[in-house]
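J.: Okay, predicted coordinates and the sequence, questions at the end:
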Amino acid sequence: MEIFYSNLEESLRYAHTTTENTKPADFHLHNYFEIYFFISGNVNYFIEKKVYSLHFGDLLLMNSHEIHKPSFNSGELYERIVIHFNPALAQSFSTPSFDLLSCFTGRPSGEQNLISLSTKQSEEILKLFDKIEESGGEAANGSDILKLAVFLEVLIFINRV
């Protein structure tokens with residue numbers, strides 16, 4: 001198996017962020033793919049020509065060709081989990097029978113970006129996110145491998161739902 005990334009820290013970034021005083025955001029693109037899990041706030045999310053009014057448990061998927069931005073409707077506390085990753089990283093673990101990127105690439109651009117998870121599904125993905133957060137530490141202790149393994153589990157979960 002050939003791996004197309006040189007540094008896991010550069011290829012996979014995880015952030016669980018809470019913001020109190022939100023500022024207007026501009027439309028933007030990334031060279032990487034994005035998984036966005038909404039926890040709280042009063043937010044509309046623009047992706048291409050679609051607008052999504054977000055609720056707890058909403059999952060947004062954006063590839064590197066989809067322009068997007070959040071729009072804040074109030075000063076309410078804004079909490080989310082975001083994973084940015086190099087698609088080559090995930091592709092290197094895909095198989096002919098299961099493409100980990102199909103939820104990002106197997107749909108028209110700017111369409112079907114939102115997955116509204118059930119309460120049970122939200123609990124399941126939050127447990128995976130907790131495992132990623134707990135995997136922090138020295139790479140020499142295998143934390144980077146654990147983070148990668150759980151990230152792959154997140155992609156499998158998303159593709160299944």
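T.: Looks like it arrived, so ask away.

J.: mind listing the strands in this structure by residue range?
T.: 12-19, 33-40, 43-47, 50-53, 58-62, 68-72, 78-85, 114-116 (DSSP state E).

J.: Residue 20: how many residues sit nearby?
T.: A count of nearby residues for residue 20, using other Cβ atoms under 10 Å, gives 8. For the C-beta atoms, the positions are set from N, CA and C on the backbone; glycine is no exception.

J.: Identify the bridge partners of the residue minimising distance to the centre of the chain.
T.: Geometric centre of the chain, nearest residue: residue 35, 1.3 Å, by Cα atoms, centre = their mean. With DSSP bridges as the criterion, residue 35 is bridged to residue 61, residue 83.

J.: tell me the pLDDT at it?
T.: If you check residue 35, the pLDDT there is 98.

J.: Kindly report the same for residue 26.
T.: 92.

J.: Enumerate every residue touching residue 33.
T.: When contacts are counted by Cβ atoms under 8 Å, 6 or more residues apart in numbering, residue 33 touches 61, 62, 63, 64, 84, 85, 86, 87, 90, 101, 104.

J.: again with residue 159
T.: Here residue 159 is in contact with 98, 99, 100, 102, 103 (Cβ under 8 Å, 6+ apart).

J.: now with 6 Å?
T.: residue 103 (Cβ atoms under 6 Å, 6 or more residues apart in numbering).

J.: ok, it to residue 153 distance?
T.: Going from residue 159 to residue 153 by Cβ to Cβ, to the nearest Å gives 11 Å.

J.: same check, this time on residue 30
T.: Distance, residue 30 to residue 153, using Cβ to Cβ: 22 Å.

J.: next one: residue 92
T.: Residue 92 sits 16 Å away from residue 153 when distances are taken as Cβ to Cβ.

J.: Please apply the same query to residue 134.
T.: In terms of Cβ to Cβ, residue 134 sits 14 Å off from residue 153.

J.: repeat for residue 133
T.: The spacing between residue 133 and residue 153, counted by Cβ to Cβ, is 14 Å.
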